[in-house]
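Trainee: Below are the sequence and a predicted model for it; my questions follow.
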Amino acid sequence: MKKLHLLILIAFLANAIQSFSQGDNKLLNDCIASSGKDASYLKDFTINLPEATNKQRPPVSKNSIILRKNTTYRFTVCSESNSESEAIIQLFDTQRLIASTYNKKTGKCYKSFNFHCSKTGPYNIFFYFKEGKKGNAIGILSYVKKK
């Protein structure tokens, strides 16, 4: 009897894990596809952030990468449908904000932006949700093919 319960538990867990990973894979695949046919997938970033509490800055996911000179990259972000807000990407060099999917002047969020790297070195990518809301998203770093 214990073996039967163990087999049922293993089958249940395997099904749950497969269902969860298929959902992640769908969002990942959809986001890669939305990056465009002129972009080649390089790396993805999974973002799971809680909601900000009173007067707290929005929670942020920070990632460091090395980018190469004379290369054009595309940064794309896709929020899960159950997220409370849109995910935003910000790209920084060591001292300043270089690009973002959020335009503060208009309040509009964009799905992606291109960045032509003029200097090889470390860069930081910050992901957060607009207005500090909680959510899940996938960020994609792609190489934009030369025409």
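Mentor: Here it is on my side, so go on.
Trainee: low-scoring pLDDT stretches of this structure, where are they?
Mentor: Residues of the chain meeting the criterion pLDDT under 70: 1-24.
Trainee: which stretches of it form strands?
Mentor: Using DSSP state E, the strands of the chain run over 39-49, 61-67, 71-79, 87-92, 97-100, 102-103, 108-109, 112-117, 121-129, 135-144.
Trainee: contacting residues for the residue nearest to I140 when sequence neighbours are not counted?
Mentor: Once flanking residues are discounted, I140 sits nearest to T76: 4.3 Å by Cβ to Cβ, 6 or more residues apart in numbering. For the C-beta atoms, the positions are set from N, CA and C on the backbone; glycine is no exception. Contact partners of T76, counting by Cβ atoms under 8 Å, 6 or more residues apart in numbering, are C31, S34, S35, A39, K111, S112, G139, I140, S142.
Trainee: same question, D38
Mentor: Here D38 is in contact with V144, K145, K147 (Cβ under 8 Å, 6+ apart).
Trainee: how close does the last one get to T72?
Mentor: By that I understand K147. 10 Å (Cβ to Cβ, to the nearest Å).
Trainee: for S81, same thing?
Mentor: S81 is 30 Å from T72, by Cβ to Cβ.
Trainee: re the thing from before, could you identify the buried members of the contacts of T76?
Mentor: For the contacts of T76, a burial check counting by 16 or more other Cβ atoms under 10 Å picks out C31, S35, A39, K111, S112, G139, I140, S142.
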